[in-house]
Every structure is written in structure tokens, then in C-alpha cells.
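J.: Compute the structure for the input listed below.
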Amino acid sequence: MIFPFRVYKTGTPIPSLGGATVRHKPVIPIHVFGPGGVGVVPVLVDSGCDDVILPLTTAKQVGIDLTGAPVVQVQSMGGPSILVQFAPVLLQLFGGLAQVVRWRAVVGFGTVSFGPHRWGFLGIAGGLQYFSVWPDIANNQLHLDPMPNLLTTTATVP
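T.: Coordinates of the predicted model:
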């Protein structure tokens with residue numbers, strides 16, 4: 001599956017990019033299925049992130065009750081620590097009409113943000129552990145190829 005990088009304006013020139021005023025980031029849409037519905041969340045594909053972490057609002061949107069859910073304090077790189085509550089979901093990626101992958105995962109929900117952006121993180125556990133990941137920086141795109149250990153499902157609720 002190939003996903004184009006998203007373009008984000010910086011507002012100021014970036015010296016390391018020769019004065020460019022945009023950054024290209026591997027932010028892709030992921031579908032999250034819960035007992036009360038489905039939501040689409042932009043996620044930053046981040047191999048430095050230990051888990052899949054989604055905005056807390058997504059849990060409510062898809063009908064996940066986090067009462068009694070395991071809570072872990074997560075430290076972000078250079079940012080504040082946040083409390084993350086974990087619950088089972090179904091995740092789905094669309095790589096085109098013939099490329100749909102849906103799998104079960106236990107993901108974290110927390111108050112996540114990156115500057116002005118409100119996106120989740122597609123980290124290793126529950127997410128990238130099931131894919132061969134290749135960022136094609138020269139062409140501003142991300143390749144995610146499902147690995148044989150990915151147990152797919154056609155279920156619509158976790």
C-alpha cells in the first residue's frame with residue numbers, strides 16, 4: 001500500500017531544507033471500528049512510538065467505554081507525559097480499491113497533539129509490527145506492506 005505524504009506549511013523558512021516553507025509528513029488516514037461505529041483518524045506513522053495512540057475523542061466517537069481500562073503514563077519525546085487508556089478496536093487501512101487491511105489491536109487513547117495538529121500515532125505495538133515500512137522520502141510517499149503475521153478480519157466490531 002502506498003500513501004502520499006501530507007504537506008504542512010511552516011510559516012517560516014526551514015534552513016535544513018534550503019529555505020522551504022513546507023514539510024512533508026507520513027500522516028495517513030486510519031479507520032477505527034468500535035462497538036458504536038467507525039471513525040477516521042489521521043495518524044502520524046512513527047516507528048519511534050511504542051504503541052498506536054489515538055485521540056481520546058475517538059474512543060467516544062466509536063462508542064468505546066474506557067471505564068476500568070488499563071492506564072499507562074506515556075512520555076513523549078521532548079513533551080509532557082500523558083495518561084493513555086488502552087482498549088481493543090479494529091483498525092483498517094485503505095491502500096486503494098483492492099487493498100484493504102483490517103485487524104484487531106489494543107490501542108491507547110489519550111490527549112495527543114503535535115503543535116496545532118490533532119492526530120494520532122501509528123506506532124509499533126498493534127500497528128507497525130504487522131507491516132514492512134518504507135518511507136520513500138525522494139517521492140514523498142510511504143509504503144506499508146502487510147506482513148504474514150498480520151491476522152486480518154472482516155468483523156465490524158472489536
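J.: and the next element down the chain from the longest strand seen in the chain?
T.: Secondary structure assigned by DSSP state E gives strand 81-94 as the longest strand of the chain. Sequence-wise, the next helix or strand downstream of strand 81-94 (DSSP states H and E) is strand 100-110.
J.: Tell me if R23 really is in a strand.
T.: Yes: with DSSP: H, G, I helix; E, B strand; the rest coil as the criterion, R23 is located in a strand.
J.: The spatially closest residue to it that is not a sequence neighbour and V72: what is the separation?
T.: Using CB to CB, 6 or more residues apart in numbering and skipping residues adjacent in sequence, the residue nearest R23 is Y8, 5.1 Å away. C-beta coordinates here come from the backbone N, C-alpha and C atoms, glycine included. Remark: distance between Y8 and V72 (CB to CB, to the nearest Å) = 29 Å.
J.: who's in contact with the residue nearest to R23?
T.: Neighbour list for Y8: 22-25, 117 [criterion: CB atoms under 8 Å, 6 or more residues apart in numbering].
J.: what lines up beside the helix or strand that it is a member of in the sheet?
T.: Taking DSSP H and E as the definition, one finds Y8 inside strand 6-14. Paired with strand 6-14 in the same sheet, following DSSP bridges, are strand 20-25 (antiparallel).
J.: Need the residues that contact the partner strand.
T.: Under the criterion CB under 8 Å, 6+ apart, residues 5-14, 17, 44, 140 lie in contact with strand 20-25.
J.: re the thing from before, in the strand holding Y8, what's buried?
T.: 6, 8 (16 or more other CB atoms under 10 Å).
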